[in-house]
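> sequence first, predicted coordinates after that:
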Amino acid sequence: MSDRDAIRQIIERYIAGINSGDVADIPLTDDVEFHGAMLAEPRRGAAAVREHLSEIAPFVHIELLELIVEDDAAAAMIQLRTVTDQTITGLGLFHVRDGAIRHHRSFTDTHRLFTGQR
């Protein structure tokens with residue numbers, strides 16, 4: 001398996017873990033950082049990131065639209081569907097180390113959330 005394939009599988013496990021609500025299987029480094037578009041402060045450490053992901057998981061379903069992998073980094077274009085059936089486009093930038101996510105920064109187009117568009 002190539003490094004690109006391994007990183008693809010890590011990102012797919014991340015999305016599957018959120019979609020299933022089982023975030024325990026998401027590969028995270030102990031010192032992972034998660035910067036979310038709607039977070040005032042980043043979440044740091046595997047426990048804090050898992051807690052955050054477990055809090056949002058019941059309210060969203062994520063579909064991977066496109067994934068670009070280069071070296072230890074990945075850019076994932078996603079479509080996120082909320083429990084209120086709103087669709088949001090997002091981008092996740094990931095860095096992977098030793099088979100786990102070390103850094104994740106998410107960007108979302110929140111215009112639809114605040115205008116009620118579907």
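Great, that's in hand.
> what's the neighbour count on G99?
As a burial measure, G99 scores 11 neighbours (other Cβ atoms under 10 Å). C-beta coordinates here come from the backbone N, C-alpha and C atoms, glycine included.
> skipping adjacent residues, who's closest to it in space?
Excluding its sequence neighbours, the residue lying closest to G99 (Cβ to Cβ, 6 or more residues apart in numbering) is P27, at 6.1 Å.
> can you give me the strands in the protein?
28-35, 43-44, 60-70, 73-82, 87-97, 100-108 (DSSP state E).
> would you format the ones you listed as a markdown table with distance to D3, mean neighbour count and mean pLDDT included?
Shown next, in a markdown table, are the strands of the chain (distance: least, Cβ to Cβ, whole Å; neighbours: other Cβ atoms under 10 Å; pLDDT from 0 to 100):
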| stretch | distance to D3 | mean neighbour count | mean pLDDT |
| --- | --- | --- | --- |
| strand 28-35 | 16 | 18 | 98 |
| strand 43-44 | 26 | 16 | 98 |
| strand 60-70 | 8 | 14 | 96 |
| strand 73-82 | 11 | 17 | 95 |
| strand 87-97 | 9 | 17 | 95 |
| strand 100-108 | 14 | 18 | 95 |
